[in-house]
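Student: Just need the structure, nothing else, for what follows:
(one chain, ligands or ions: 1)
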Amino acid sequence: MNRTRMICTRMSRTTRNRIHDAVLGIAVGCVILTPLCASAGGNPCPRPAAGSIVLPPPDLFSHNGALNLAFNYFTTTDSADRTLFCFVTPSGLESPTLHIKPGDTLNIAVTNQVPAPPAGSPTEVISNASDRCGDSTSTITSLNVHYHGTNTSPACHGDQVIHTIINSGETFNYTLPFPANEPPGLYWYHPHVHGLAEAAVQGGASGAIVVQGIENIQPAVAGLPERILVIRDQNVAGTPTPGGAVPSWDLTLNYVPIAYPAETPAIIQMKPGRKEFWRVANASADTVLDLQVVYDGVPQPLEVVGLDGVPTGSQDGTGRGRLVTKTDILLAPAARAEFIVAAPSAGVKNASFITLNIDTGPDGDNDPQRTLATIERSNAPVPPLPVIPATSGPPGFQRFAGLATAPVTAHRTLYFSEVLSDPTNPASPTNFFITVDGATPVLFDSNNPPAIITHQGAVEDWTIENRTAEVHEFHQHQIHFLWLAQNGVPVSPAQQQFLDMLQVPYWSGSGPYPSVTVRMDFRGMDIGDFVYHCHILGHEDAGMMAIIRVLPPAF
Ligand SMILES: [Cu+2]
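Tutor: Numbering: from 1, shown residues only. Okay, the predicted model is just below:
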């Protein structure tokens, strides 16, 4: 039993470069690691078989204002020689859902149990004496944790990803006080070391965070069974060239693989006549989803109650939410959707939960239509689901209330761009950039100065353009933004939603660049440095990220 495994630093994720990586991967950063699992007494990252019934992740709940836990970060390989990663509690819970109330504190002691790389492997100094947080030097097995979507502090030991480094054998303590006005909804956690994020997330090291209390803003979910669904992506076994029916990445649903070529769906059991509350996270590193529930060929109405952790329609001053009915939900990597689904009635012959084909652009990934799960009727569904409690009080003041009419203090234009690292060699890796218009594009580096400096209290309108032939997925850490316009055209009131993820369509090669316009809310947040980036993590790892600094109030 002397198994070995590889961890690879990836340089880019376009189709062109994936082939390049497959050929040259070892040359650009794969190392052989020594076995770890034997000491853990077996496979530390167990995963279910294809065609399994979808089981919920284990749950952990806060008590007396705090949720205290420990995570070990493990790695192993699966039967297709994929590198897996996982967060496991000392009692053996893999990727548990962390349930907390607004105002609670999340305390996690994270220990990196992934073995150190061999001597001579690449390292990078990512901090100095003034900004060090954990270790000062990253390796190809370093770790940190991002608490995606949470409106928490970017200070060290909080949601800080620029300089936080936990190396092999080290333990780091996170302490995240959640604001008392944190919107109730679905968030998630995942590793975020620059250059390693895609591999870690595709390895499966992620889980859901639920901020409790959504029933007080969306009473329609009170009393409904709650089903948490985490969709992840991973390498296709054998790494066939993507195109046609061959996806760039396989998907998993609560770790049940939907694996090319069979693509056997997982199984969801629902009780006839019952509605369920589905809370879905796209925890893919790279795959864009467009979710639909289909009964006998007919897309079903999905009553959306929350997007990216913010109840729909909740910020208009009343504190009351609003149901938004859709028949498909576009879900960028890292985005979340929470909605009510009615079980298939007795006459339905074929019921399924699918993702539709995505047009990612000529340079984009291949994200074809796939059936994630077959929905079966059962009078005693497996597993029994927890139930959302009854409403317990009126909605409180909402965190982002009044942003739509707040005075705007600055306007900025940013853009996504890509350039071959060797313009004379079409097979060379692509460099990915996000740049403030007028500045010189630079690849992300932890030691870069901030690309944007603003002040606590600011309200800024940003237009983000896409000057490339593939989609990009804008993500802002620490705060949410209000989606105002698409290609300069104001979005409808029904679409005006607070998000932390937004897809920017690809450029056709002529005409104006596609764009989105969003309103950034720096009124309530803590000061500090944090990042914005494309959440196709292959792009982020290849440079498409930058730092914003929020200073104390200027007035
Ligand atoms: Cu991107």
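
Student: which residues of this structure fall in helices?
Tutor: For the chain, the helices defined by DSSP state H occupy 15-29, 197-202, 537-541.

Student: In terms of mean pLDDT, which of those ranks lowest?
Tutor: Among those, helix 15-29 has the lowest mean pLDDT, at a mean of 28.

Student: how many neighbours does the residue nearest to Val288 when sequence neighbours are not counted have?
Tutor: Spatial nearest neighbour of Val288, excluding adjacent residues (Cβ to Cβ, 6 or more residues apart in numbering): Ile358 at 4.5 Å. (Glycine included, C-beta is placed from N, CA and C.) The number of residues packed near Ile358 is 19, by other Cβ atoms under 10 Å.

Student: do you know how far Ile358 is from the ion?
Tutor: Between Ile358 and the ion the distance is 13 Å, computed by Cβ to the ion, to the nearest Å.

Student: quick one: contacts for Leu289?
Tutor: Ile231, Asn282, Leu330, Leu331, Thr355, Ile358, Asp367 (Cβ atoms under 8 Å, 6 or more residues apart in numbering).

Student: hmm, which of those residues are the buried ones?
Tutor: Ile231, Asn282, Leu330, Leu331, Thr355, Ile358, Asp367 (16 or more other Cβ atoms under 10 Å).

Student: Give me the subset of those lying in strands.
Tutor: Cross-referencing the buried ones among the contacts of Leu289 against strands under DSSP state E gives Ile231, Asn282, Leu330, Leu331, Thr355.

Student: Kindly reformat these as TSV and extend each row with pLDDT.
Tutor: Output for these, formatted as TSV (pLDDT from 0 to 100):
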residue	pLDDT
Ile231	98
Asn282	98
Leu330	98
Leu331	98
Thr355	98
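
Student: which among those gets closest to Ser515?
Tutor: Leu330 (17.0 Å; Cβ to Cβ).

Student: Can I get stretch 210-217 as CSV, trimmed to CA atoms?
Tutor: Output of stretch 210-217 as CSV, limited to C-alpha atoms (Å, rounded to 0.1, in the frame of the first residue of the first chain):
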residue,chain,number,x,y,z
VAL,A,210,-26.9,28.4,6.3
VAL,A,211,-27.7,31.7,8.0
GLN,A,212,-31.0,30.8,9.7
GLY,A,213,-34.2,32.8,9.8
ILE,A,214,-35.3,33.0,6.2
GLU,A,215,-38.9,31.9,7.2
ASN,A,216,-39.4,35.3,8.8
ILE,A,217,-38.8,37.1,5.5
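
Student: next one: it to chain centre, how far?
Tutor: Distance, stretch centre to chain centre, for stretch 210-217: 20 Å (Cα atoms, centre = their mean, to the nearest Å).

Student: Buried residues, that stretch. List them.
Tutor: Val210, Val211, Gln212, Gly213, Ile214, Glu215, Asn216, Ile217.

Student: which residues touch it?
Tutor: 97-102, 178, 182-187, 221-222, 228, 279, 305-306, 309, 311, 314, 319-321, 338, 388-396, 398.

Student: about what we covered before: of the buried ones among the contacts of Leu289, just say which sits nearest to Thr374.
Tutor: The closest of the buried ones among the contacts of Leu289 to Thr374 turns out to be Thr355 (Cβ to Cβ; 14.0 Å).

Student: how about that closest one, what does it touch?
Tutor: Ile231, Leu251, Leu289, Asp290, Leu291, Gln292, Asp367, Gln369, Arg370, Leu372.

Student: how close does the third one get to Ala494?
Tutor: Going back to what we said before, that points to Leu289. 21 Å (Cβ to Cβ, to the nearest Å).

Student: count of neighbours near Thr175?
Tutor: 17.

Student: Show me what it is bridged to.
Tutor: Beta-bridge pairing of Thr175 under DSSP bridges involves Asn107.

Student: The nearest residue to Pro381 once chain neighbours are set aside: neighbour count?
Tutor: Leaving aside its sequence neighbours, Pro381 sits nearest to Gln269 (Cβ to Cβ, 6+ apart; 3.9 Å). Using other Cβ under 10 Å, Gln269 has 19 neighbouring residues.

Student: Buried members of the contacts of stretch 210-217 into ChimeraX, please.
Tutor: Here is the ChimeraX selection string for the buried members of these, based on 16+ other Cβ under 10 Å:
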select :97,98,99,100,101,102,178,182,183,184,185,186,187,221,222,228,279,305,306,309,311,314,319,320,321,338,388,391,395,398
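
Student: quick one: which of the contacts of stretch 210-217 sit in strands?
Tutor: Per DSSP E, the subset of those in strands is 97-100, 185-187, 228, 279, 305-306, 311, 338.

Student: Out of those, the closest to the ion would be?
Tutor: Nearest to the ion among those: Tyr187, at 21.2 Å, using Cβ to the ion.

Student: ranges for the strands of the stretch 351-500 of the chain?
Tutor: 351-355, 370-377, 410-420, 430-436, 452-455, 459-466, 472-476, 481-486, 489-490, 498-499 (DSSP state E, counting those that start in this stretch).

Student: by contact count, what packs against the second one?
Tutor: Which is strand 370-377. Applying 3 or more Cβ pairs under 8 Å, 6 or more residues apart in numbering; DSSP states H and E, one finds that strand 370-377 makes contact with strand 250-253, strand 256-258, strand 266-270, strand 351-355.

Student: could I get the ones you listed as TSV with distance to the ion?
Tutor: As requested, these are arranged in TSV below (distance: least, Cβ to the ion, whole Å):
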stretch	distance to the ion
strand 250-253	19
strand 256-258	23
strand 266-270	28
strand 351-355	19
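
Student: I'd like the ones you listed as JSON lines, with distance to Ile140 appended.
Tutor: Below are the helices and strands packed on strand 370-377 laid out as JSON lines (distance: least, Cβ to Cβ, whole Å):
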{"stretch": "strand 250-253", "distance to Ile140": "24"}
{"stretch": "strand 256-258", "distance to Ile140": "26"}
{"stretch": "strand 266-270", "distance to Ile140": "32"}
{"stretch": "strand 351-355", "distance to Ile140": "31"}
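
Student: Go through those and name the closest to Asp526.
Tutor: Nearest of the helices and strands packed on strand 370-377 (Cβ to Cβ): strand 250-253, 34.8 Å.

Student: For that closest one, which helices and strands make contact with it?
Tutor: Packing partners of strand 250-253 (3+ Cβ pairs under 8 Å, 6+ apart): strand 226-234, strand 256-258, strand 370-377.

Student: swap the cut-off to 10 Å and go again
Tutor: Contacts defined by 3 or more Cβ pairs under 10 Å, 6 or more residues apart in numbering; DSSP states H and E place strand 250-253 against strand 226-234, strand 256-258, strand 266-270, strand 370-377.

Student: Quick check: Asn112 touching Ser142?
Tutor: Yes: counting by Cβ atoms under 10 Å, Ser142 is a contact partner of Asn112 at 7.5 Å.

Student: Can you check the pLDDT for the residue of the stretch 151-300 of the chain found nearest the ion?
Tutor: As assessed by Cβ to the ion, the ion sits closest to Asp286 within the stretch 151-300 of the chain, at 8.7 Å. With respect to pLDDT, Asp286 has a value of 98.

Student: Tell me the spatial nearest neighbour of it, not counting adjacent residues.
Tutor: In this structure, Asp286 finds its nearest non-sequential neighbour in Ile536, 4.9 Å apart by Cβ to Cβ, 6+ apart.
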